[in-house]
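>>> Sequence below, structure please.
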Amino acid sequence: MDDASLREYEVLKAPFKSGHGRGSTADSDLPPLRFWSELGAVQPYDRLIRRLLGENSLAVIYGPPSSGKTFFATDMGLRIAWGGEWFGRSVLRGAVLYVAAEGSRGLENRIAAFKKQYAPPGDLPFVVVPATMDLGPNGSDVERVIAAAEHVATTTGHPVRLIVVDTLARAMVGGDDSAGLDMGAAIRNCDRIREATGATVLLVHHSGKDVARGARGHSSLLGAVDTAIEIEKTETGRFARVVKQKDGADGEGIAFDLEAIDIGEAEDGERITSCVIVASDATPAPTGPRLSPTEKLFVQELRNALADAGRVHRGDPNLPTVAVVAREVWHQRVKAAGATMNATSANAERALLSKHTKSLKEKGVIGLWNDFAWLVATDRNHAQPR
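Have a look, this model is predicted:
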């Protein structure tokens, strides 16, 4: 690794250091501190992939089976390892560590297809861990992943910019992605990796059985990530939608397709194929009204409440013939998800709940009658955040 890259890597690994020797407390006992004179430098966002993925962040790509999410994540990693551009967006080149927790055979074929289609020059700093790593509640492999990233940086001469975990569910060894405590532990373990390496950690995840409800499992995942990208396959094509972007531009979308590539022949003569990602000019389906991140959390928790406690009340002319749920049940879930954590009083909390509930009603996303709430049927009631 050259001196400049090594210095940049060390800065990424330890962006905050206590300083100035203020006070009598030993430095080792202090949390990271930055004083006023050290603050205010403009920090560019979405630099790893412009207008899509930031550095040293936590991100998730999710979608249903056969949507193309793993191809999309692989291609993203390969383009970061290569550098240049990706779907017209500038890319910050760096090493990529791909944790193939669901097995590496399919990944090998995807890489073979990429090599045949694009013939990248020389060696790309793209390294695979062909094994399941325990990043769940036990977190027994967190330090091993950190050590692997440091070894990759030293060996390739490139700072590790991206660590892909494919899939989150397989990496949660002994954990349940629907359990808040287990998901919280996995998020903390991924943050440990991110903080120690300076890399962006990208989780490949599944949609739930009800695709409209978004990523599978506990809602704390969407709340914790900086970037969430949903992959969907429709009659008109495949699309990647940015459904959450913490600091950068949101609402971005990429239309893509999978192009089959002949990569070899099996022993019995059968041709072996895989796919590469190619740009598409297909038009995505309407996304519905644009929602703030908090409003989106309200909608997600309403979906969860409807799935768990919703009932159809037939015979009441004021209620639709779809599942409805008590508003209080819904709001309790919203509070449990942390949407009102910044409210300074009970009155402030009630005002916040009322504000966002009213806004969703005015935007036509939800229906309300007396103490009941429900989702209004639209072409796609899965709106993007502002």
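
>>> What number of residues are in the vicinity of the residue nearest to K246 when sequence neighbours are not counted?
Distances taken as Cβ to Cβ, 6 or more residues apart in numbering place D226 nearest to K246, at 4.2 Å, with adjacent residues excluded. No exception for glycine: its C-beta is placed from N, CA and C like everyone else's. Using other Cβ atoms under 10 Å, D226 has 21 other residues around it.

>>> D226 contacts L202, doesn't it?
No - counting by Cβ atoms under 8 Å, D226 does not reach L202; the two are 10.5 Å apart.

>>> Output stretch 85-102 as PDB, restricted to C-alpha atoms.
C-alpha atoms of stretch 85-102 as PDB (Å, rounded to 0.1, in the frame of the first residue of the first chain):
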ATOM      1  CA  GLU A  85     -18.200   4.900 -13.300                       C
ATOM      2  CA  TRP A  86     -21.200   2.800 -12.600                       C
ATOM      3  CA  PHE A  87     -24.600   3.600 -14.200                       C
ATOM      4  CA  GLY A  88     -23.200   7.000 -15.000                       C
ATOM      5  CA  ARG A  89     -22.100   7.700 -11.400                       C
ATOM      6  CA  SER A  90     -18.500   8.300 -10.400                       C
ATOM      7  CA  VAL A  91     -17.100   5.600  -8.200                       C
ATOM      8  CA  LEU A  92     -14.400   5.900  -5.500                       C
ATOM      9  CA  ARG A  93     -12.100   2.900  -6.100                       C
ATOM     10  CA  GLY A  94     -11.100   0.600  -3.300                       C
ATOM     11  CA  ALA A  95     -10.800  -3.000  -2.200                       C
ATOM     12  CA  VAL A  96     -14.000  -5.000  -1.700                       C
ATOM     13  CA  LEU A  97     -14.500  -7.800   0.800                       C
ATOM     14  CA  TYR A  98     -17.500 -10.000  -0.100                       C
ATOM     15  CA  VAL A  99     -18.700 -12.300   2.600                       C
ATOM     16  CA  ALA A 100     -20.500 -15.100   0.700                       C
ATOM     17  CA  ALA A 101     -22.500 -16.500   3.600                       C
ATOM     18  CA  GLU A 102     -24.900 -18.300   1.300                       C
END
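
>>> Can you check which residues contact both of D226 and L202?
Common neighbours of D226 and L202 (criterion: Cβ atoms under 8 Å, 6 or more residues apart in numbering): A59.

>>> returning to what we had before: need the pLDDT of the residue nearest to K246.
D226 is assigned 89 on the pLDDT scale.

>>> Next, find the distance separating it from K244.
According to Cβ to Cβ, to the nearest Å, D226 and K244 sit 8 Å apart.

>>> Which element is encountered next along the chain beyond the worst-scoring helix or strand of the chain on mean pLDDT?
Sorting the helices and strands of the chain by mean pLDDT, DSSP states H and E puts helix 3-13 at the bottom, at a mean of 53. Counting by DSSP states H and E, the element after helix 3-13 in chain order, helix or strand, is strand 58-63.

>>> Now do the helices in this protein.
With DSSP state H as the criterion, the chain has helices at 3-13, 69-82, 105-118, 142-156, 168-171, 180-197, 220-224, 293-309, 327-336, 346-362.

>>> export these to a markdown table and tack on distance to L48 and mean neighbour count?
What follows is the helices of the chain, written out as a markdown table (distance: least, Cβ to Cβ, whole Å; neighbours: other Cβ atoms under 10 Å):
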| stretch | distance to L48 | mean neighbour count |
| --- | --- | --- |
| helix 3-13 | 11 | 14 |
| helix 69-82 | 7 | 24 |
| helix 105-118 | 19 | 17 |
| helix 142-156 | 15 | 18 |
| helix 168-171 | 19 | 22 |
| helix 180-197 | 12 | 20 |
| helix 220-224 | 18 | 20 |
| helix 293-309 | 21 | 20 |
| helix 327-336 | 32 | 19 |
| helix 346-362 | 32 | 15 |
